[in-house]
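Student: Just to be clear, the model below is a prediction. Sequence and coordinates:
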Amino acid sequence: MAVSYWMRWGVTGLGEAGEAVADMSSALRALDISVRRAQERLCTPSEAVMLGESAERMREQMLTDGVRAMGLGNRWSFSVQNLEVTLIPRSTE
């Protein structure tokens, strides 16, 4: 059985979104695109800096604990400051 993931991300006070991702590479790409859009369209300059710092910490966690959870087919969630990401396994039979 193949597994893909539903990725949900949110920034407190700015919004949230979700999309299907096949692996950690696509999850990181989705995070980067979403954070960049939020920084450009929704943040003040100081909020954009803070969100960028949160995103860097999130990437570190995604590449360690997130990869481990995905390898086991488990749900994974992490929050840093006002940024939260959740990866939920979905069967793709």
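Tutor: Structure's in. What do you need?
Student: Show me where this structure has its helices.
Tutor: Secondary structure of the chain (DSSP state H): helices at 24-41, 45-61, 67-72.
Student: now what about the longest one, what contacts it?
Tutor: Contacts of helix 24-41 from elsewhere in the structure, counted by CB atoms under 8 Å, 6 or more residues apart in numbering, are 5, 7, 9, 11, 14-15, 17, 19, 21, 47-48, 51-52, 55, 58-59, 62-63, 66-67, 70, 83, 85, 87. C-beta: built from backbone N, CA, C; applies to glycine.
Student: Show me just the buried residues among the residues you listed.
Tutor: For those, a burial check counting by 16 or more other CB atoms under 10 Å picks out 5, 7, 9, 11, 21, 47-48, 51, 55, 58-59, 62, 66, 70, 83, 85, 87.
Student: how near is residue 33 to residue 75?
Tutor: Distance check for residue 33 against residue 75: by CB to CB, to the nearest Å, it reads 22 Å.
Student: Who are the contact partners of the residue nearest the centre of the chain?
Tutor: Taking CA atoms, centre = their mean, the centroid of the chain lies closest to residue 85, which sits 4.1 Å from it. Shown in contact with residue 85 (CB under 8 Å, 6+ apart): 7-9, 27, 31, 58, 62, 66, 77-78.
Student: and the gap between it and residue 46?
Tutor: Distance, residue 85 to residue 46, using CB to CB: 22 Å.
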